[in-house]
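Trainee: What shape does this take:
(one chain, ligands or ions: 1)
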Amino acid sequence: MSDVLELVDVSVVRDGRALINQVSWSVAEGERWVILGPNGAGKTTLLQVAATYLHPTAGQVAVLGEKLGEVDVFELRQRIGLAGVSLLDRIPREQTVLQTVLTAAYGMTATWHETYETTDTARALLLLDRLGMGGYEERAFGTLSEGERKRTLIARALMTDPELLLLDEPAAGLDLGGREDLVRRLGALAQDQYAPAMAMVTHHVEEIAPGFTHVLMIRQGKVLTAGPIDTELTARNLSLCFGLPLTLERHGDRWSAQGLPFG
Ligand SMILES: Nc1ncnc2c1ncn2[C@@H]1O[C@H](COP(=O)(O)OP(=O)(O)OP(=O)(O)O)[C@@H](O)[C@H]1O
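Mentor: Residues are numbered from 1 along each chain as shown. Here you go, the predicted structure:
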């Protein structure tokens, strides 16, 4: 059994269709995974299973050594950090940035008269600062730009000191500067030996930060490849994954991909 995540033959079926289909995937401590795949491939579904928000139709899932179906998921969720657009709808617009991060410590998205410990507040401020959100504590979440929201949600996901960090398209919708800033911050996190195991969903190889170690490619619900970036992130695999001929270039510890010209 893998320490962090172990999926064996996992399928999620809705309306007779497999959104993910017999997926097997293991994540060990210290690994940083990128999940790549086209629109509708099943990436978010896979992340929702890992986050214990979706129960599979078939197969076995173990998260942080606990088997789904045999464990209190509410306790388990405290050990998992999740940042993704699915959270955006649940965060009140008027809630401050600081409250948004603090509520994670209590497994909630909105405040409800809790009194936060001074240590929690100190930690939330530290994480916001680390994500470049120092000085925004009292701003209403609803007034933030897309990039600021994404960075706040990552700080929030780290609040409980999780053992597994799941990021669903953290750079989607960001401009070039915002993307590069986030990639730098994710790179610092990925290269921090005390940071949790990570899995990040993205559509773009340009968003892979230095320090990411593994890649899983998914197409039409099926895993195409899963393994070390150095061997599995290839032009061939990427072309099969996205369904068109692509070139792939490595520039030091960053990547870029392009479609081949017609003709
Ligand atoms: N509750 C549901 N019932 C039926 N179909 C669903 C449900 N949730 C998702 N789907 C479908 O499952 C497929 C996979 O969805 P998923 O969100 O996992 O893909 P994705 O790879 O994250 O896509 P994207 O890159 O567009 O965000 C899509 O075709 C989607 O329409």
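
Trainee: In a strand, V12, correct?
Mentor: Yes - secondary structure assignment places V12 in a strand (DSSP: H, G, I helix; E, B strand; the rest coil).

Trainee: For whichever residue of the stretch 151-263 of the chain sits closest to the ligand, grab the count of nearby residues.
Mentor: Shortest the stretch 151-263 of the chain-to-the ligand distance, computed as C-beta to the nearest ligand atom: residue-wise this is H203, at 6.0 Å. From N, CA and C alone the C-beta is placed, and that goes for glycine too. As a burial measure, the neighbour count of H203 was computed by other C-beta atoms under 10 Å and equals 16.

Trainee: can you tell me how far it sits from H251?
Mentor: Computed as C-beta to C-beta, to the nearest Å, the H203 to H251 distance reads 19 Å.

Trainee: just L189 next, same as before
Mentor: In this structure, L189 and H251 are 21 Å apart, going by C-beta to C-beta.

Trainee: Check V183 too.
Mentor: Counting by C-beta to C-beta - V183 and H251 are separated by 13 Å.

Trainee: for the stretch 1-150 of the chain, which spans come out with low pLDDT?
Mentor: Counting by pLDDT under 70, the ranges of the stretch 1-150 of the chain that qualify are 1-2, 106-116.

Trainee: What parts of it come near the ligand?
Mentor: Proximity of the stretch 1-150 of the chain to the ligand is assessed by C-beta under 6 Å from any ligand atom, with R14, D15, L19, G37, N39, G40, A41, G42, K43, T44, T45 identified as the residues in range.

Trainee: quick one, strands of the stretch 151-263 of the chain?
Mentor: Counting by DSSP state E, counting those that start in this stretch, the stretch 151-263 of the chain has strands at residues 164-168, 197-202, 214-219, 222-228, 246-251, 254-259.

Trainee: hmm, back to that, pick out whichever of V183 and H251 has more residues nearby.
Mentor: Set V183 next to H251 and count neighbours by other C-beta under 10 Å: V183 wins out with 20 against 7.

Trainee: Any figure for the gap between the more buried one and L246?
Mentor: Going from V183 to L246 by C-beta to C-beta gives 20 Å.

Trainee: quick one: pLDDT of the residue of the stretch 151-263 of the chain closest to the ligand?
Mentor: The score at H203 is 95. That number is its pLDDT.

Trainee: Same list, the strands of the stretch 151-263 of the chain, but as TSV with distance to L68 please.
Mentor: Output for these, formatted as TSV (distance: least, C-beta to C-beta, whole Å):
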stretch	distance to L68
strand 164-168	13
strand 197-202	16
strand 214-219	19
strand 222-228	19
strand 246-251	35
strand 254-259	33
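
Trainee: Centre of the chain to the lengthiest helix in the chain, how far?
Mentor: If each helix of the chain is counted by residues according to DSSP state H, the longest one is helix 176-190. Averaging C-alpha positions (C-alpha atoms, centre = their mean, to the nearest Å) puts helix 176-190 14 Å from its chain's average.

Trainee: pLDDT on that helix, on average?
Mentor: 94.

Trainee: what's the angle between that helix and strand 164-168?
Mentor: Counting by axes from the mean of the first three to the mean of the last three C-alpha atoms, to 10 degrees, helix 176-190 lies at 160 degrees to strand 164-168.

Trainee: What are the buried residues along helix 176-190?
Mentor: The neighbour-count criterion (16 or more other C-beta atoms under 10 Å) identifies G178, R179, D181, L182, V183, R185, L186, G187, L189, A190 as the buried residues of helix 176-190.

Trainee: again, but for stretch 212-224
Mentor: Under the neighbour-count rule (16+ other C-beta under 10 Å), stretch 212-224 has F212, T213, H214, V215, L216, M217, I218, R219, G221, V223, L224 buried.

Trainee: end-to-end on it?
Mentor: 19 Å (C-alpha to C-alpha, to the nearest Å).

Trainee: so where is the stretch 151-263 of the chain shaky, pLDDT-wise?
Mentor: Along the stretch 151-263 of the chain, the model assigns pLDDT under 70 to residues 263.

Trainee: In contact with H55: list those residues for me.
Mentor: Shown here is H55, whose contacts under the criterion C-beta atoms under 8 Å, 6 or more residues apart in numbering are V49, L68, G69.
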